[in-house]
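> Sharing a model prediction with you, sequence too.
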Amino acid sequence: GAGVSQSPSNKVTEKGKDVELRCDPISGHTALYWYRQSLGQGLEFLIYFQGNSAPDKSGLPSDRFSAERTGGSVSTLTIQRTQQEDSAVYLCASQTSGSRHEQFFGPGTRLTVL
Amino acid sequence: GQSLEQPSEVTAVEGAIVQINCTYQTSGFYGLSWYQQHDGGAPTFLSYNGLDGLEETGRFSSFLSRSDSYGYLLLQELQMKDSASYFCAVRRYSGNTPLVFGKGTRLSVIA
């Protein structure tokens, strides 16, 4: 496809369970970002991948959160031992290298922790 | 810390002009972006200002004053479909870097 895709679109889980969220960026985009958006709030940066460099994990809220990017393409965000405060929409964005300013966002995964 | 301030809600009449302001306080500033997000949708890029002044893209314009740490988004000839949330976002460094987002302004366009 031409855009960023994410799966699943919705995920309901029980407190304490682990979840995996997937992001397929636009082909050829070297940068990939994960953000979190709570209801009525702005986007909160979580983690950032740029090419083969080590990821910038400075936005991860706790060590229960981790992410990987395989082959410079698909990324998976994992949340272990989910808590109710993890409920939010998780958005993935990708970006080309160079001078373009635009980040292209996927539709997000709405996570609900019961 | 990083903070961006923008009004939480704005209401305007169809066909009118509306301005959404954004003030920022960040460690590092390279440019200011604006994104639109419809309910349940993905944020989409509207505009970017790296230098002081006005950038115009169709009905939308964006302004930046680096000395005042201030920018705004101007929407002209408002249409019902412009009802959405609008986010300002700071790019802190050159190259591909994470954005710092404001909490968004919910624009309601009424007939």
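Okay, I see it.
> Which parts of chain A are helices?
Using DSSP state H, chain A contains no helices.
> all strands of it, in order?
A:5-7, A:10-13, A:19-24, A:31-37, A:43-50, A:65-69, A:75-79, A:88-95, A:104-105, A:109-113 (DSSP state E).
> could those strands go into JSON lines alongside mean pLDDT, mean neighbour count and distance to B:Gly50?
Every residue, glycine included, has its C-beta placed from N, CA and C. JSON lines is the format used below for the strands of chain A (pLDDT from 0 to 100; neighbours: other Cβ atoms under 10 Å in any protein chain shown; distance: least, Cβ to Cβ, whole Å):
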{"stretch": "strand A:5-7", "mean pLDDT": "97", "mean neighbour count": "17", "distance to B:Gly50": "29"}
{"stretch": "strand A:10-13", "mean pLDDT": "98", "mean neighbour count": "14", "distance to B:Gly50": "37"}
{"stretch": "strand A:19-24", "mean pLDDT": "98", "mean neighbour count": "19", "distance to B:Gly50": "27"}
{"stretch": "strand A:31-37", "mean pLDDT": "96", "mean neighbour count": "24", "distance to B:Gly50": "18"}
{"stretch": "strand A:43-50", "mean pLDDT": "95", "mean neighbour count": "22", "distance to B:Gly50": "20"}
{"stretch": "strand A:65-69", "mean pLDDT": "96", "mean neighbour count": "17", "distance to B:Gly50": "28"}
{"stretch": "strand A:75-79", "mean pLDDT": "98", "mean neighbour count": "19", "distance to B:Gly50": "28"}
{"stretch": "strand A:88-95", "mean pLDDT": "96", "mean neighbour count": "24", "distance to B:Gly50": "15"}
{"stretch": "strand A:104-105", "mean pLDDT": "96", "mean neighbour count": "22", "distance to B:Gly50": "19"}
{"stretch": "strand A:109-113", "mean pLDDT": "98", "mean neighbour count": "18", "distance to B:Gly50": "32"}
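> Tell me which of those strands sits nearest to B:Leu46.
strand A:104-105 (12.5 Å; Cβ to Cβ).
> In its sheet, which strands sit next to that closest one, and in what direction?
Sheet pairing here is set by DSSP bridges, and for strand A:104-105 it gives strand A:88-95 (antiparallel).
> Just want the angle from the strand it pairs with to strand A:19-24.
30 degrees (axes from the mean of the first three to the mean of the last three Cα atoms, to 10 degrees).
> for strand A:88-95, the distance to its chain's centre please.
5 Å (Cα atoms, centre = their mean, to the nearest Å).
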